[in-house]
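Q: build the 3D model from these lines:
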Amino acid sequence: MHTTSLPFSRLLGRRVLDASGFPLGRLADLAAEVHPTRPRIIGLLLDVDRARVALIPWSAVRAWNPEIILGTNRASLQPRPLQPDEIPLREALLDKQVVDTHGLRIVKVNDLVLSTSNGELLLTGVDVGLASLLRRLGAEAPVRWVLSRVGRSLPDHALPWTIVAALGGPVTPLKLRISRKRLAAIHPADLAELLEEMDREERVEVMHALSHEDAAEVLEATEPGVQANILRSLPAERASDILEEMEPHEAADALGELPLKTASDLIVLMEPEAGAEISRLLAYPPDSAGGRMTLDFIAIPASYTAEQTIARLRRLAPDAGTVYYLYVTDEAGRLVGVLSLRGLLIADPQAAITEIMVPDVAAVQVDESDEAAAALLMKYDLLAVPVLDDERRLLGIVVVDDVMDVLAQRLGERAPRRLDRIRRSPRGA
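A: Numbers count the residues shown, from 1 in each chain. Next up is the predicted model:
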């Protein structure tokens, strides 16, 4: 299969003639069908007295170098409007920012790479290099000549269409159908960093392109200022749906960056249970243990046996990441002990939980600082520390990841973590 490539910019502005040689205008844009791997050019858009005419099918083109010549006369042409699954390339992509999903960076499209294959013209890549910018400025040839005189070259830098996630532009099908899978394949932490480089409209597009679950993971990983910008920019229904998928303490932190009225309006739109949890967390200062705690913990009644506890865990089916320790509480919800999952599994099934738990539990009060929680986590090499009220009722837990990230930002340096050593005994937990 013979394939040749050419830059899109070299076609723009070319005269378009009908079969008789009558000039119809100049090429203003090319239209392509939306396709994830090989968008096919399906028509021309012309500039006629500075007004864009409807699409002329690409099948009418007989030759396109040095001028575009059609195989029919103007009287036989039947222009039509663009369809929903067709995109104007110049308008949708040229000079727009896209995501290089392999290099994990935001780049500007200076030109498009078109390729001929089996009589078709295809969009096969985007050019983001200096050469393509100079080409459009009419300076590529002289710059290449100057560089050649000193033994250097001007490298091209084109990205295959298959690794590009498009942002910006007015064409919804392109952004949502093509970009959704490519953006979702990027790790949330990496995509969160990319969001910091985007403008408001691009951030909104990304959050619309992702599922609620994926968008929640990305939002959790973004900086507070970016979180607030996104939540203010999204439609309220979409924002509330994403917040519902976030961990309650993460959602509370994000809402804490918003004006009180905005945060309250979003909470009202949530499912009642999720909204109630988040409202409860928002009641505490953000830099307190209560403000940093999560409500995802396992509390076991002190009256249980080891066998009953294992059965309870099976019913609850908690996420692995939430079972750091099992907290034992009395009938009033007061914390009386703690045990590890390992300790539970090796215990006699009929043993009472009170016999195998560790009664001496290091904990923080709900109104203590998050730095106090961090101090306990580091002192005892823990993954989580319980948060209590004045009556020693268990309210939540502060997890090492959350508090260390916060302290690292606050101190302007990487806070120490010791995640590689999980305590064999939860003593002091």
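
Q: low-confidence ranges, the stretch 101-250 of the chain, go.
A: Residue ranges of the stretch 101-250 of the chain with pLDDT under 70: 168-179.

Q: just the helices from it, written as ranges.
A: With DSSP state H, counting those that start in this stretch as the criterion, the stretch 101-250 of the chain has helices at 130-136, 140-149, 172-173, 179-184, 188-197, 200-209, 212-221, 224-233, 236-245, 248-255.

Q: now the stretch 301-429 of the chain
A: For the stretch 301-429 of the chain, applying DSSP H, counting those that start in this stretch gives helices covering 306-316, 341-346, 353-356, 370-379, 400-411.

Q: out of those, flag the one nearest residue 46.
A: Nearest of the helices of the stretch 301-429 of the chain to residue 46, taken as Cβ to Cβ: helix 400-411 at 54.1 Å. The C-beta positions use only the backbone N, C-alpha and C, and glycine is treated the same way.

Q: what's the mean pLDDT across the closest one?
A: Taken as a whole, helix 400-411 has an average pLDDT of 69.

Q: can you check stretch 334-354 too?
A: On average, the pLDDT along stretch 334-354 is 93.

Q: give the buried residues for it.
A: By 16 or more other Cβ atoms under 10 Å, the buried positions in stretch 334-354 come out as 335, 336, 337, 338, 339, 340, 341, 343, 344, 347, 353, 354.

Q: could you do stretch 194-212 as well?
A: For stretch 194-212, by 16+ other Cβ under 10 Å, it's 194, 195, 198, 202, 203, 204, 205, 206, 207, 208, 209, 210.

Q: got it, and stretch 224-236?
A: Neighbour count says stretch 224-236 has 226, 227, 228, 229, 230, 231, 234 buried, by 16+ other Cβ under 10 Å.

Q: can you check stretch 9-29 too?
A: With burial defined by 16+ other Cβ under 10 Å, the residues of stretch 9-29 counted as buried are 9, 11, 12, 16, 17, 18, 24, 25, 27, 28, 29.

Q: please apply the same query to stretch 58-77.
A: For stretch 58-77, burial by neighbour count (16+ other Cβ under 10 Å) applies to 58, 60, 61, 64, 68, 69, 70, 72, 77.

Q: what does stretch 361-378 give?
A: Residues 361-366, 368-378 are the ones in stretch 361-378 that count as buried (16+ other Cβ under 10 Å).

Q: and of the buried residues of stretch 58-77, the nearest to residue 129?
A: Top of the list for closeness to residue 129, among those and by Cβ to Cβ, is residue 64 at 24.3 Å.

Q: how far away is that closest one from residue 19?
A: Here residue 64 is placed at a distance of 14 Å from residue 19 (Cβ to Cβ, to the nearest Å).

Q: coming back round to it: farthest-separated two in the buried residues of stretch 58-77?
A: Farthest pair in the buried residues of stretch 58-77 (Cβ to Cβ) is 64 and 77. Separation: 16.1 Å.

Q: which residues sit against stretch 67-82?
A: For stretch 67-82, the external contacting residues (Cβ atoms under 8 Å, 6 or more residues apart in numbering) are 11, 14-22, 24, 27, 31, 44, 53-57, 60-63, 88.

Q: roughly how far is it from the heart of the chain?
A: 43 Å (Cα atoms, centre = their mean, to the nearest Å).

Q: and stretch 278-286, average pLDDT?
A: For stretch 278-286, the mean confidence score works out to 91.

Q: in it, which residues are buried?
A: 278, 279, 281, 282, 284, 286.

Q: inside helices: which ones of those?
A: Cross-referencing those against helices under DSSP state H gives 278, 279, 281, 282.

Q: closest one to residue 131 out of the residues you listed, please.
A: Of all those, residue 131 sits closest to residue 278, with 51.1 Å by Cβ to Cβ.

Q: my read: that closest one touches residue 253, true?
A: No: using Cβ atoms under 8 Å as the test, residue 278 is too far from residue 253 to be in contact (9.9 Å).

Q: for residue 104, find the nearest of the helices of the stretch 301-429 of the chain.
A: The closest of the helices of the stretch 301-429 of the chain to residue 104 is helix 400-411. By Cβ to Cβ, the value is 20.6 Å.

Q: residue 82 looks like it's in a strand, true?
A: No: Residue 82 is assigned coil when assessed by DSSP: H, G, I helix; E, B strand; the rest coil, not a strand.

Q: pull up the distance across stretch 292-301, start to finish.
A: 25 Å (Cα to Cα, to the nearest Å).

Q: starting at the chain centroid, how far to it?
A: 28 Å.

Q: can you list contacts of it?
A: 247-249, 277, 280-281, 284, 286, 309, 312-313, 316, 318-319, 322-323, 326-331, 333, 353, 366, 370, 373, 384, 386-387, 394-399, 402-403, 406.

Q: ok, of those residues, which come out buried?
A: For those, a neighbour count by 16+ other Cβ under 10 Å gives the buried set as 247-249, 277, 281, 284, 286, 309, 313, 322-323, 326-329, 353, 366, 370, 373, 384, 386-387, 394-399, 402-403, 406.

Q: just to revisit the earlier point, farthest pair within the buried residues of stretch 9-29?
A: The widest separation within those (Cβ to Cβ) is 24.3 Å, between 9 and 18.

Q: now do the domain split for this structure, please.
A: Domain assignment of the chain by automatic domain parsing yields the ranges 7-89, 92-164, 187-283, 298-411.

Q: quick one: mean pLDDT over the first one.
A: Think domain 7-89. Domain 7-89 shows an average pLDDT of 89 in the prediction.

Q: what about it, start to end distance?
A: Taking Cα to Cα, domain 7-89 runs 12 Å from one end to the other.

Q: name the nearest residue to residue 328, ignoring sequence neighbours.
A: Among residues not flanking residue 328 along the chain, residue 337 sits closest, at 4.0 Å (Cβ to Cβ, 6 or more residues apart in numbering).

Q: contacting residues for the one you found?
A: 302, 327, 328, 353, 354, 357, 358, 359, 361.

Q: sheet partners, orientation included, of the strand ranked longest in the chain?
A: Longest strand of the chain, by residue count under DSSP state E: strand 23-33. Here strand 23-33 is paired, per DSSP bridges, with strand 15-17 (antiparallel), strand 41-48 (antiparallel), strand 86-88 (antiparallel).

Q: got the end-to-end distance for stretch 132-146?
A: End-to-end distance for stretch 132-146, by Cα to Cα: 17 Å.

Q: buried residues in it?
A: Those would be 132, 133, 134, 135, 136, 140, for stretch 132-146 by 16+ other Cβ under 10 Å.

Q: same question, stretch 382-391
A: Neighbour-count burial for stretch 382-391, counted by 16+ other Cβ under 10 Å, picks out 382, 383, 384, 385, 386, 387, 388.
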